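[1] Sequence first, then the predicted structure:
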Amino acid sequence: MTERLRVGFAGLGAIGRPIAVHLARRHDLAVWNRTSARAEAFAGEHGARRVETPRELAQGRDVVFTCLPNTPEVEAVLRGPDGMEAGLSAGAILVDLTSGIPEGSRAIAARLGRSGVGFVDAPVSGGTAGAEAGTLTIMVGGKGADVGRVRPLLEAFGRTIVHVGPVGAGHALKAVHNALIAVHLCALGEALTGLARAGVAPRPALEVINAANGRSFVSERLVPERVLTRAWPRTFRLALLDKDVRIACDMMAGLGLEHPVIGTAGRLLGEARAELGEEADHVEIIKRHERLAGLELVG
Ligand code: NDP
C-alpha cells in the first residue's frame with residue numbers, strides 16, 4: 001500500500017482536476033486554484049482542503065503538484081510573499097505536471113535546490129479521458145532520487161511512467177510529442193479535405209488509412225470520434241497546443257536546428273488560434289481546412 005502523504009495541488013483545470021481526484025483518494029490533499037470557487041467545489045466533492053494562497057498550499061507538504069498553462073504561470077505562483085516558494089520546506093518536492101519550458105524548469109529547479117527543495121518535471125499525455133481513467137503516460141525529468149520518491153504518487157494517475165533524463169527532459173519531450181500531434185492534425189486536415197474534393201469521402205478514406213500505414217492517433221481516434229461525428233468536444237485547448245509547438249520550435253532554434261515541418265504546423269496553429277479563439281479545442285483546427293476547402297468532413 002502507498003504511504004499516505006501530505007500533498008498539495010495547484011491548478012484544477014481540464015486535466016489538473018481529474019488528476020487531483022486520484023490523489024485525493026490516496027493522500028491528505030490540499031488544493032489551490034486561481035478561481036477559488038473551483039477549489040471550493042473540488043474540496044467539497046472530494047474531501048480535500050481548500051487553501052487561500054499558494055504559500056499555504058506548500059506549507060507542511062511533502063509533495064506539491066502544479067498543473068498550469070505554462071512555465072511563466074508556474075513562476076508566478078512560486079514567487080512573492082504569498083507564493084509557494086515561501087511555504088516549501090527543505091526535503092519537499094515540487095512536481096510540475098504543466099507542459100512547460102525546459103530552460104525555465106531548469107532555472108526553477110536550481111533556485112529551489114538552494115533551499116533543499118527537489119523539482120521534477122512530469123508532463124502528461126493521454127488527455128482528460130486518460131486522466132479520469134488514471135492511465136496517463138508521464139514523461140519525467142529530474143534527479144533519480146527525486147523521481148524515485150514521487151513515482152508512487154504518479155502511479156495514482158499514470159500507467160506508463162518513464163524517467164527520460166535530467167530536469168527539463170520531460171518538458172522537452174512533451175513539447176516535441178505535441179508538435180507531432182499538431183503535424184498529424186494539419187496533415188490529416190489537408191489530406192481529407194483534398195480527398196473529399198477529389199471525390200473520396202472521409203469515412204472510407206480513413207478506413208483505408210487506418211488499415212494501412214498512414215495512420216496515427218489523429219486518424220484512428222480524434223478525427224473519426226470528433227470531426228466526422230461533428231461532436232467537437234472541448235478537452236484540450238488549441239491555444240495550449242499552439243504554446244507547446246512554440247516551445248518545441250524555440251528549443252530547436254536554440255539548438256541551431258532547422259525545423260520546417262514543426263515550424264509550419266506552428267504557423268498554421270497560430271493562424272487557427274487567432275481565428276477560433278482561446279477556448280477552441282485543438283481538433284477544431286480542422287474546421288479551418290474545411291472552410292478553406294468549402295466543405296464539411298461528415299460521415
Ligand atoms: P486549463 O486551461 O483547463 O486550466 C488551466 C489551469 O491553470 C486552471 O486551473 C487555471 O485557473 C490555472 N491558471 C491559468 N492561468 C493562471 C495563472 N496566471 N495563475 C494561476 N493559475 C492559472 O488547462 P489544462 O488543464 O487543459 O492544461 C494544464 C496543463 O496541462 C497545460 O500545460 C496543458 O498544455 C497540459 N495538458 C493538458 C491536456 C488536456 O487534455 N487538457 C493534456 C496534456 C497536457 P482558473 O481556474 O482560475 O482559470
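    Received, thanks.

[2] and the residue of the stretch 51-200 of the chain nearest the ligand?
    Closest residue of the stretch 51-200 of the chain to the ligand, C-beta to the nearest ligand atom: Ser99 (3.7 Å). Yep, even glycine has a C-beta here, placed from its N, CA and C like the rest.

[3] what's the neighbour count on that residue?
    Residues near Ser99, counting by other C-beta atoms under 10 Å, number 27.

[4] swap in Pro81?
    For Pro81, the count of nearby residues is 7 (other C-beta under 10 Å).

[5] quick one: the nearest residue to it once chain neighbours are set aside from Glu40, how far?
    The spatial neighbour of Pro81 that comes closest, neighbours along the chain excluded (C-beta to C-beta, 6 or more residues apart in numbering), is Arg55 at 7.4 Å. According to C-beta to C-beta, to the nearest Å, Arg55 and Glu40 sit 18 Å apart.

[6] More neighbours: which of those two?
    Arg55 (20 against 13).

[7] Dihedrals phi and psi, the more buried one?
    phi -60, psi -50 (degrees, to the nearest 10).

[8] need the longest helix for this structure.
    If you go by DSSP state H, the chain has its longest helix at helix 169-197.

[9] what distance separates the helix or strand that that one is followed by from the centre of its chain?
    Following helix 169-197 in sequence order, the next helix or strand is helix 202-211 (DSSP states H and E). The chain centroid and the centroid of helix 202-211 are separated by 29 Å, computed with C-alpha atoms, centre = their mean, to the nearest Å.

[10] other SSEs contacting helix 202-211?
    Other helices and strands packing on helix 202-211, by 3 or more C-beta pairs under 8 Å, 6 or more residues apart in numbering; DSSP states H and E, are helix 169-197.

[11] Quick check: mean pLDDT of the helix it packs on?
    Across helix 169-197, the average pLDDT comes to 98.

[12] relative to helix 202-211, how tilted is that helix?
    Relative orientation of helix 169-197 and helix 202-211, computed by axes from the mean of the first three to the mean of the last three C-alpha atoms, to 10 degrees: 130 degrees.

[13] Quick check: buried residues in helix 169-197?
    For helix 169-197, a neighbour-count test (16 or more other C-beta atoms under 10 Å) marks 169-189, 191-193, 195-196 as buried.

[14] export stretch 225-237 as CSV, just CAs?
    This file holds the C-alpha atoms of stretch 225-237, laid out as CSV (Å, rounded to 0.1, in the frame of the first residue of the first chain):
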residue,chain,number,x,y,z
GLU,A,225,-14.7,10.4,-33.0
ARG,A,226,-14.8,14.2,-33.0
VAL,A,227,-14.8,15.5,-36.6
LEU,A,228,-16.9,13.0,-38.6
THR,A,229,-19.5,12.9,-35.9
ARG,A,230,-19.4,16.8,-35.6
ALA,A,231,-19.2,16.3,-31.8
TRP,A,232,-16.2,18.7,-31.4
PRO,A,233,-15.8,18.2,-27.6
ARG,A,234,-13.5,20.7,-25.8
THR,A,235,-10.9,18.8,-23.8
PHE,A,236,-7.6,20.3,-24.8
ARG,A,237,-7.4,23.9,-25.9
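
[15] ok, and what's touching it?
    14-15, 127-129, 202-203, 206, 278-284, 286-287, 296-299 (C-beta atoms under 8 Å, 6 or more residues apart in numbering).

[16] please redo it, this time with the cut-off set to 10 Å
    13-15, 69, 127-129, 131, 178, 181, 185, 188-189, 192, 201-203, 206, 218, 223, 243-244, 273, 277-284, 286-287, 289-290, 296-299 (C-beta atoms under 10 Å, 6 or more residues apart in numbering).

[17] so, in contact with the ligand or not, that stretch?
    Yes. With C-beta under 6 Å from any ligand atom as the criterion, the ligand is reached by stretch 225-237 at 235-237.

[18] any idea of the mean pLDDT in that stretch?
    The pLDDT scores in stretch 225-237 average 98.

[19] If you count neighbours, what's buried in it?
    Quick answer for stretch 225-237 (16+ other C-beta under 10 Å): 226-228, 236-237.

[20] Then stretch 213-226?
    For stretch 213-226, using 16+ other C-beta under 10 Å, the buried residues are 216, 218-219, 222-224, 226.

[21] The ligand contacts on the protein?
    11-16, 33-35, 38, 67-70, 73, 76-77, 98-99, 124-125, 127-128, 235-237, 240.

[22] Pick the one among the buried residues of stretch 225-237 closest to the ligand.
    Nearest to the ligand among those, with distances taken as C-beta to the nearest ligand atom, is Phe236, at 3.5 Å.
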